[in-house]
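J.: Just to be clear, the model below is a prediction. Sequence and coordinates:
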Amino acid sequence: MRVESEEEARGRDAAPMVRVPAGPFRMGSERGNQDERPQREVTLPAFWIDKHCVTNARYRRFLAETEGAVKPPPSFARDDFVGPRQPVVSVSWEEAAAYARWAGKRLPTEAEWEKAARGADGRTYPWGEESPTPALAHYAGAEPRCPLEVDAHPESASRYGCVQMAGNVFEWVADWFDAFYYRYAPAESPRGPEHPSLEVAVPSIAVFAVPGGGSMTLGEAKKGERFEILGREKDVFKVRFGKAEGWLPRKAGYAWTARAVRGCGWDYIEDNLRCSAREGFEPWYKNFNLGFRCASDA
């Protein structure tokens, strides 16, 4: 049974938004990938989220009004990706966040995105438990080989009225991505780690006192140890090492400087359609499957 959705046009872009009520929901999955575990109850205040992904038409207005501050996305050079009602794609996290600020909004947190997608009942997909088909979502193997218009598949909307939160495009969210975040995340309004993290994947490696390395080391990082990433210079990362700040080669671990993305792109497999599925991309990454929608406080 679908709940009544409260909808209105909000923000500088006048995009229709739906209100997600305050309260708890089940976040994560015990049947999904390791980065979705453990499933737990999370409580959020009420918030608003865009009913649809940001369209090419709205993004073009943003580009015009900001007078070249952001370059047009690569997708604008492709005739099959530029429809005014198609979602804008191939934008970086920084560009998505810039649009959200211009619109007087922000990117949703991972927790907000997942609640808006699955409701409070822990459903697997926005529409419920029925297995995905091309009639419900746009994903790998479906035609056309490009994003559909943002209001396609309205029958598959979430309980709060959000359209295409499974399929069509991945969506940037606000959080830094941490594959282990759910193990220590708070139960009230989680916002992701303060800094991105790195886990050492080799037996041991020297932590350098300066980016260039050499003989100036602070000690050794051991396999399985985790560090906050404070910055990056070429192929080394500045990390917090005890009470000091040191430098680790990028090859030492994983989960670099990724921002979280949710949803599923038109060219990706159906496993990504689950509301709890998570991915992480570097903030400067651009992909023809990757767009975004905005949120705002209630």
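T.: Received, thanks. These figures come from a predicted structure and were not determined experimentally.
J.: if I look at the closest residue to Ala295 other than its chain neighbours, how far off is Arg250?
T.: Nearest residue to Ala295 in three dimensions, chain neighbours excluded: Pro108, at 3.7 Å (C-beta to C-beta, 6 or more residues apart in numbering). To be clear about C-beta, it is placed using only N, CA and C from the backbone, and glycine gets the same treatment. Distance of Pro108 to Arg250, given as C-beta to C-beta, to the nearest Å: 29 Å.
J.: quick one, what contacts Ala116?
T.: The neighbourhood of Ala116, defined by C-beta atoms under 8 Å, 6 or more residues apart in numbering, consists of 18, 20, 49, 108, 158, 160, 162, 165.
J.: C-terminal to whichever strand or helix holds it, what's the next element?
T.: According to DSSP states H and E, Ala116 maps onto helix 110-118. Next in sequence after helix 110-118, counting helices and strands by DSSP H and E, comes strand 170-176.
J.: between that next one and helix 110-118, what angle do the directions make?
T.: 150 degrees (axes from the mean of the first three to the mean of the last three C-alpha atoms, to 10 degrees).
J.: What pairs with strand 170-176, parallel or antiparallel?
T.: strand 259-263 (antiparallel), strand 290-292 (parallel) (DSSP bridges).
J.: Distance from the chain centre to the first one, please.
T.: Spelled out, it's strand 259-263. Offset of strand 259-263 from its chain centre (C-alpha atoms, centre = their mean, to the nearest Å): 2 Å.
J.: Over to stretch 75-86?
T.: Using C-alpha atoms, centre = their mean, the offset of stretch 75-86 from its chain centre is 22 Å.
J.: Also stretch 33-49?
T.: For stretch 33-49, the distance to the chain centre is 13 Å (C-alpha atoms, centre = their mean).
J.: From here on, call the first residue 484.
T.: Sure thing, new numbering starts at 484, so read that last one as stretch 516-532.
J.: From start to finish, how long is that stretch in a straight line?
T.: 26 Å (C-alpha to C-alpha, to the nearest Å).
J.: For the helix or strand containing Ala583, buried residues please.
T.: In the assignment (DSSP H and E), Ala583 maps to helix 576-585. Burial within helix 576-585, assessed by neighbour count using 16 or more other C-beta atoms under 10 Å, is assigned to 576, 578-583, 585.
J.: so what's the residue nearest to Ala778 up against?
T.: Pro591 touches 530, 532, 599, 656-657, 776-778, counting by C-beta under 8 Å, 6+ apart.
J.: Could you dump these into a markdown table with pLDDT and distance to Ile752 added?
T.: Shown next, in a markdown table, are these (pLDDT from 0 to 100; distance: C-beta to C-beta, whole Å):
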| residue | pLDDT | distance to Ile752 |
| --- | --- | --- |
| Phe530 | 98 | 30 |
| Ile532 | 98 | 25 |
| Ala599 | 98 | 23 |
| Val656 | 98 | 20 |
| Ala657 | 98 | 25 |
| Arg776 | 98 | 22 |
| Cys777 | 98 | 27 |
| Ala778 | 98 | 27 |
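J.: And these, which of them are buried?
T.: By 16+ other C-beta under 10 Å, these give 530, 532, 599, 656-657, 776-778 as buried.
J.: could you dump those residues to CSV with distance to Phe508?
T.: CSV is the format used below for these (distance: C-beta to C-beta, whole Å):
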residue, distance to Phe508
Phe530, 12
Ile532, 14
Ala599, 10
Val656, 16
Ala657, 18
Arg776, 18
Cys777, 20
Ala778, 15
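J.: Of these, which is the nearest to Val571?
T.: Arg776 (10.5 Å; C-beta to C-beta).
J.: and the closest one, how far is that from Ser512?
T.: Applying C-beta to C-beta to Arg776 and Ser512 gives a distance of 22 Å.
J.: try Asp518
T.: Taking C-beta to C-beta, one finds Asp518 at 10 Å from Ser512.
J.: go on, Ala640?
T.: 21 Å.
J.: what pLDDT does the spatially most distant residue from the centre of the chain get?
T.: Within the chain, the residue lying farthest from the chain centre (C-alpha atoms, centre = their mean) is Ser698, at 39.4 Å. Ser698 is assigned 78 on the pLDDT scale.
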